[in-house]
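J.: take a look and give me a structure for this.
(chains A, B, C and D, ligands or ions: 2)
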Amino acid sequence: MKISNIQNEIVEEFDIFDTWMDKYEYLIELGKSVPKISDQNKSEDNIIKGCQSKVWLHAEKEDGLIKFYADSDAIITKGIISLLIRTFSNQNPTDIINANTDFIDKIGLRQHLSANRANGLNNMIKKIKYYAIAFSKLN
Amino acid sequence: MKISNIQNEIVEEFDIFDTWMDKYEYLIELGKSVPKISDQNKSEDNIIKGCQSKVWLHAEKEDGLIKFYADSDAIITKGIISLLIRTFSNQNPTDIINANTDFIDKIGLRQHLSANRANGLNNMIKKIKYYAIAFSKLN
Amino acid sequence: MIFNMNVLKNIELIRKDFPILSTKVNGNQLIYLDNAATSQTPNCVIESISDYYKNLNSNIHRGVHKLSQLATEKYEESRKKFKKHFNARSTSEIIFTPGTTHSINLISNGFIKFLKKDDEIIVSQLEHHSNIVPWQMLCEKTGAIMKVIPMNEKGELDLNVFATLLNDKTKVVFVNHVSNALGTVNPIDIIIEKSHNAGAAVLIDGAQAAPHFEIDVKKLNVDFYVCSAHKLCGPTGVGILYGKKEWLEKLPPYQGGGEMIDQVSFEKSTYADLPNKFEAGTPNISGVIASGIGLDYINKIGLTNIKEYEDYLLDYATSKLKEIDGIKIYGESKTKVSVISFNIGEIHPYDIGSVIDNLGIAVRTGHHCAQPIMDYFDIPGTIRISFSFYNTIEEINILIDALKKASKMLS
Amino acid sequence: MIFNMNVLKNIELIRKDFPILSTKVNGNQLIYLDNAATSQTPNCVIESISDYYKNLNSNIHRGVHKLSQLATEKYEESRKKFKKHFNARSTSEIIFTPGTTHSINLISNGFIKFLKKDDEIIVSQLEHHSNIVPWQMLCEKTGAIMKVIPMNEKGELDLNVFATLLNDKTKVVFVNHVSNALGTVNPIDIIIEKSHNAGAAVLIDGAQAAPHFEIDVKKLNVDFYVCSAHKLCGPTGVGILYGKKEWLEKLPPYQGGGEMIDQVSFEKSTYADLPNKFEAGTPNISGVIASGIGLDYINKIGLTNIKEYEDYLLDYATSKLKEIDGIKIYGESKTKVSVISFNIGEIHPYDIGSVIDNLGIAVRTGHHCAQPIMDYFDIPGTIRISFSFYNTIEEINILIDALKKASKMLS
Ligand SMILES: Cc1ncc(COP(=O)(O)O)c(C=O)c1O
Ligand SMILES: Cc1ncc(COP(=O)(O)O)c(C=O)c1O
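T.: Ligands and ions are numbered 1, 2, ... in the order given. Below you'll find the predicted structure:
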């Protein structure tokens, strides 16, 4: 599926919930379903700075598409990660580089995330795009 | 004359003037009449700290009485000095030590002196009393 | 629980003095339980700042004009207030700085003069980074060695080990009076006495103690005591440094500039007397004046009343928290004040903090600038609640409900 | 005189923004001509401080809760404002400190790392003590030698001599942009270029320049530029330090504490990235935010308008002062701003200051923390008047009358 379609899908899913609390609960549920990242990829190199919680992000390329693996020690952060992976994993580098990322605002959670977390989110997106740029240059 | 009498005399003199400006002018006139202090007594040791202007104070004992010599490079300060000398010079140590010094408040100039100057004035009075104490112990 | 009922009765009146306490967060009434980070500010302090800029603002010392004199007087009046409050011998012993961190750096930097290679200095495991890093920098510069007083699982310092660390190479010991991360009140009287017997100077970081109980530097016989006005109902940007006159005279000046000098020429400058020697440049004049007003406010309520009431809140909250499933409280010293640090089950403290923030409750999460304590417990951080005298039992009840809700969501 | 008539027309409106300007001293309307010591504070800045304590007060960075986030945002917004104002490359290049004096000490302390015995550093004869003493302390610690750019009787630096002082041992040159004692605007573009050619870094003390005209650190290519908010319509207790990123990264941290570290253990601490590396401890949060509001206020009026209007006041006052018998003006550089230093006959400046203070006029007297300049002229001090954009021609007329009166009384 195209990135923008996935994003629209996510926005629609969150639209069902009226309160931030229900949205948080859904996010937490999603967080629980993030596939485990291997310990070897939980390396210092893969840590993203700027979060109170730790975030690891690892990427691999398979058949021209980038696969992202990520984890966090905080469950809300993991929920956010799950949205990012669903959106960006298994996409090709160019699409990732060009992707719009305002769907986080559209699901209405931005003002309920702490500034640190919002910052962390920005850093994650930045790192995802860096991976895409790096992989696109490897071609 | 007794210290308190001299002080009363000074207070009466200043009572003639209604405005701070007239009082200042009188003070300045008095300042001009302070006898010169010898250069050798204008030593670093005799400088009193805490003034923007410099103040030198020197004391000698003659016939059981203390004689004060003082000078300043600022004329208003010199006026204040003249009042202090008139009051405390040629008095015996015990009287100086016990003297009340609120006549400065009574002449109504305190609130027209800068805090630095008021401080300087306090330091001068302190030094005068120290001299008196020192000389009284020399007996 | 015995406490002064008057305080409790007046609590609603006291709360009215703090405008921020009636703000809303995300539609909920703000519940501010982050007092160890910074205390809130009563109207009288806010007004003192406005008043300063509307009527007095002027650079202090050396000015002839009235504004400058009035501002100087008010500034020095504040010094007298802190002198009296901490029972210092003289106003020369009270230095205003930009904060506790600055004060500690001022002292640690001065000790360069007194330390040589292989000299020893002693820190506790309970310290805030501000009372660790400046001394590490000192060690780097001098080759001195830092020893650590360890703590036990209750968050109490081990004084037996401390005794073995002291020897004739020990030059300075620096310990906080109250741990910001755990709330432990340390036995600083014993630490000071033992250190002095070994010939070492003592700096006590009182940032977390000064807001909660009386401190008498003369009785404590402490060499340096430091705290921050912003934790004392005062404004940001002001620290209070008490130092024994003998020490402050011996220590070299920290910063060069206006005020702190007597004479300047390109050949040689001579330094001003205390306290000016350590107050280079234009200080935070409005802040220092307002800090004195904040102190007055605290003293009007009375630290004895404050301590009693805050202990009551602490006991109540501790027992209520213990009813929550899976809770683990860090720091269970018998002597504690104002602070409770905890985690719930395996839930990341940051997650709890985020959820209850949306419910209007302000707590701190993380390592609280005390990583060595987190390392000891092998955790990334804790949730920390910290009380002030304007908090209420009702707020604690709301907190407990919120924590239960968050814990359910996040497990 | 050509100037923007709009500024003049709006002056009464502008004055209304400054509540202190309508206070009385000794029954007279206050005339504030001590702006070089500290500028007055507009209502918007005073309100910003109240607003902070009423709605936002909270310790910044690392906090999860909304207050902490709002306060952090506002604090960082202020950094963005100064970044833009001085045209820095990035917000990492803007460090908030407690004042200019602190900023200079921060840099001079950092240079310990780069200086060895017999290295040279260059100061000017026109400096404020804050830009002399910290460097003298540096020389004491490193054995480096301080050379002095001399000035002429007009109060201008001798650039020919400066050229001969520079050599490959010169490591750093520190000069003010504007002399606080004489008002001279120094040719810092030339000084920076020549210093760089010789491989030396340059710190410009802009405490007296920033309030009066536009400054572009990128165009100036300066390494460090420092100023104080309290001279920029902001509150006391805040300094702004611009440093080139390359330099700030190379310099060691100045103070240890919270915020400025990344990881702390007793074995080793690692430092945080810029700008936090230089902002240890709780900063003057309300002050930094209010400083940004003060800057906005100045920019609303516009520094081009301000410069034009202040030059007009300066010219008018200079020519009026010259009509007074026995007046001697110190500092007659062609490039001057805001400040006039003078004496009348043999009268002690302090005497004049005292008399006109009673008439409600606030000026500064003394050495203005620039003793080397006083030594040059062999005088104990001067009377200094210094303008801001809210001063008026009428105020100058009253000043002139008062000076004549004082001079008559005191001669
Ligand atoms: C030229 C100059 N440099 C430095 C300073 C010191 O500034 P602050 O006192 O704000 O640290 C001043 C202030 O008087 C100054 O005029
Ligand atoms: C125990 C302790 N020491 C030092 C500090 C640092 O104080 P400041 O940030 O005001 O410099 C704090 C503040 O959090 C503290 O709690």
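
J.: and the lowest mean pLDDT element among the helices and strands of chain A?
T.: In chain A, no helix or strand scores lower on mean pLDDT, DSSP states H and E than helix A:103-106, which sits at a mean of 82.

J.: max-length helix in chain A?
T.: helix A:115-138 (DSSP state H).

J.: kindly report the same for chain C.
T.: Chain C, longest helix under DSSP H: helix C:66-86.

J.: pLDDT averaged over that helix, what's the number?
T.: Here helix C:66-86 scores 96 as its mean pLDDT.

J.: off-centre distance for that helix?
T.: Its chain's C-alpha centre and that of helix C:66-86 lie 22 Å apart, by CA atoms, centre = their mean, to the nearest Å.

J.: before we move on, the earlier item: who does the longest helix of chain A touch, helix- and strand-wise?
T.: strand A:55-62, strand A:65-72, helix A:75-88, helix A:93-98, helix D:66-85 (3 or more CB pairs under 8 Å, 6 or more residues apart in numbering or on different chains; DSSP states H and E). Where C-beta positions appear, they are placed from N, C-alpha and C, glycine not excepted.

J.: which of the ones you listed is buried the deepest?
T.: Mean neighbour count (mean count of other CB atoms under 10 Å in any protein chain shown) peaks for helix A:75-88 among the helices and strands packed on helix A:115-138, with a mean of 23.

J.: how much space separates A:Y69 from A:W56?
T.: Distance, A:Y69 to A:W56, using CB to CB, to the nearest Å: 8 Å.

J.: which neighbours do those two have in common?
T.: A:37, A:41 (CB atoms under 8 Å, 6 or more residues apart in numbering or on different chains).

J.: show me what residue of chain C gets nearest to chain A.
T.: The minimum distance from chain C to chain A, using CB to the nearest CB, falls at C:H348 (3.8 Å).

J.: got the domain ranges for chain C?
T.: Domain segmentation of chain C under automatic domain parsing yields C:5-32+C:302-410, C:46-296.

J.: sorry, back to before: ok, residues contacting the longest helix of chain A?
T.: The contact list for helix A:115-138 (CB under 8 Å, 6+ apart) reads A:48-53, A:55, A:57, A:59, A:61, A:66, A:68, A:70, A:76-77, A:80-81, A:84, A:88, A:93-94, A:96-97, A:101, A:104, A:110, A:113, C:350, C:354, D:62, D:64, D:69, D:72-73.

J.: that one versus strand A:55-62: what angle between them?
T.: Going by axes from the mean of the first three to the mean of the last three CA atoms, to 10 degrees, helix A:115-138 is angled at 20 degrees with respect to strand A:55-62.

J.: buried stuff in stretch C:97-116?
T.: Neighbour counts over stretch C:97-116 (16 or more other CB atoms under 10 Å in any protein chain shown) mark C:97-112, C:115 as buried.

J.: ok, and of those residues, which contact chain D?
T.: Contacts with chain D are made by C:98-102, C:104-105, C:108 out of these, judged by CB under 8 Å from any CB of the partner chain.

J.: now secondary structure, distance to ligand 2 and pLDDT too, for these, in JSON lines please.
T.: Shown next, in JSON lines, are these (DSSP: H, G, I helix; E, B strand; the rest coil; distance: CB to the nearest ligand atom, whole Å; pLDDT from 0 to 100):
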{"residue": "C:P98", "secondary structure": "coil", "distance to ligand 2": "8", "pLDDT": "98"}
{"residue": "C:G99", "secondary structure": "coil", "distance to ligand 2": "3", "pLDDT": "98"}
{"residue": "C:T100", "secondary structure": "helix", "distance to ligand 2": "4", "pLDDT": "98"}
{"residue": "C:T101", "secondary structure": "helix", "distance to ligand 2": "3", "pLDDT": "98"}
{"residue": "C:H102", "secondary structure": "helix", "distance to ligand 2": "7", "pLDDT": "98"}
{"residue": "C:I104", "secondary structure": "helix", "distance to ligand 2": "7", "pLDDT": "98"}
{"residue": "C:N105", "secondary structure": "helix", "distance to ligand 2": "9", "pLDDT": "98"}
{"residue": "C:S108", "secondary structure": "helix", "distance to ligand 2": "13", "pLDDT": "98"}
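
J.: and those residues, which is closest to ligand 1?
T.: For these, the minimum distance to ligand 1 (CB to the nearest ligand atom) is 11.3 Å, reached by C:P98.

J.: if we can go back for a sec, okay, the domains of chain C in JSON lines with distance to B:S4 next?
T.: Listed next are those as JSON lines, based on distance: least, CB to CB, whole Å:
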{"stretch": "domain C:5-32+C:302-410", "distance to B:S4": "45"}
{"stretch": "domain C:46-296", "distance to B:S4": "30"}
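
J.: count of neighbours near the nearest residue to C:D119 once chain neighbours are set aside?
T.: Once flanking residues are discounted, C:D119 sits nearest to C:A144: 4.4 Å by CB to CB, 6 or more residues apart in numbering or on different chains. C:A144: 23 surrounding residues under other CB atoms under 10 Å in any protein chain shown.

J.: any weak-confidence spans in the chain?
T.: If you meant another chain, say so; for now it's chain A. Residue ranges of chain A with pLDDT under 70: A:49-51, A:115, A:139.

J.: wrong one, I was asking about chain C
T.: In chain C, residues with pLDDT under 70: C:1-8.

J.: returning to what we had before: return the most buried member of the domains of chain C.
T.: Of the domains of chain C, the one with the most neighbours on average (mean count of other CB under 10 Å) is domain C:46-296, at a mean of 22.

J.: run the chain-centre distance for it.
T.: Here domain C:46-296 shows a centroid-to-chain-centroid distance of 11 Å under the convention CA atoms, centre = their mean.

J.: ditto for stretch A:22-41
T.: Worked out by CA atoms, centre = their mean, stretch A:22-41 lies 10 Å from the chain centre.

J.: with only the CA atoms kept, save that stretch in CSV.
T.: Extracted as CSV, the C-alpha positions of stretch A:22-41 are listed here (Å, rounded to 0.1, in the frame of the first residue of the first chain):
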residue,chain,number,x,y,z
ASP,A,22,-9.2,6.1,24.3
LYS,A,23,-6.7,7.1,21.7
TYR,A,24,-3.9,6.5,24.2
GLU,A,25,-5.3,3.1,25.0
TYR,A,26,-5.4,2.1,21.3
LEU,A,27,-1.9,3.4,20.9
ILE,A,28,-0.8,1.2,23.8
GLU,A,29,-2.5,-1.8,22.3
LEU,A,30,-0.6,-1.2,19.0
GLY,A,31,2.6,-0.8,21.0
LYS,A,32,2.2,-4.3,22.4
SER,A,33,2.0,-5.8,19.0
VAL,A,34,5.3,-4.4,17.7
PRO,A,35,7.5,-7.4,16.8
LYS,A,36,10.5,-7.9,19.0
ILE,A,37,13.8,-6.5,17.7
SER,A,38,16.8,-8.8,18.1
ASP,A,39,19.1,-8.0,21.0
GLN,A,40,22.0,-7.5,18.6
ASN,A,41,20.2,-4.7,16.9
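
J.: going by neighbour count, list what's buried in that stretch.
T.: For stretch A:22-41, burial by neighbour count (16+ other CB under 10 Å) applies to A:23-28, A:30-31, A:34, A:37, A:41.

J.: near chain D at all, that stretch?
T.: No: for a cut-off given as CB under 8 Å from any CB, stretch A:22-41 has no contacts with chain D; the smallest distance is 13.8 Å.

J.: who's in contact with the nearest residue to C:S58 once chain neighbours are set aside?
T.: Excluding the flanking residues, the one nearest C:S58 by CB to CB, 6+ apart is C:L67, at 3.7 Å. Contacts for C:L67 (CB under 8 Å, 6+ apart) come out as C:56-58, D:20, D:25, D:30, D:32, D:34, D:362.
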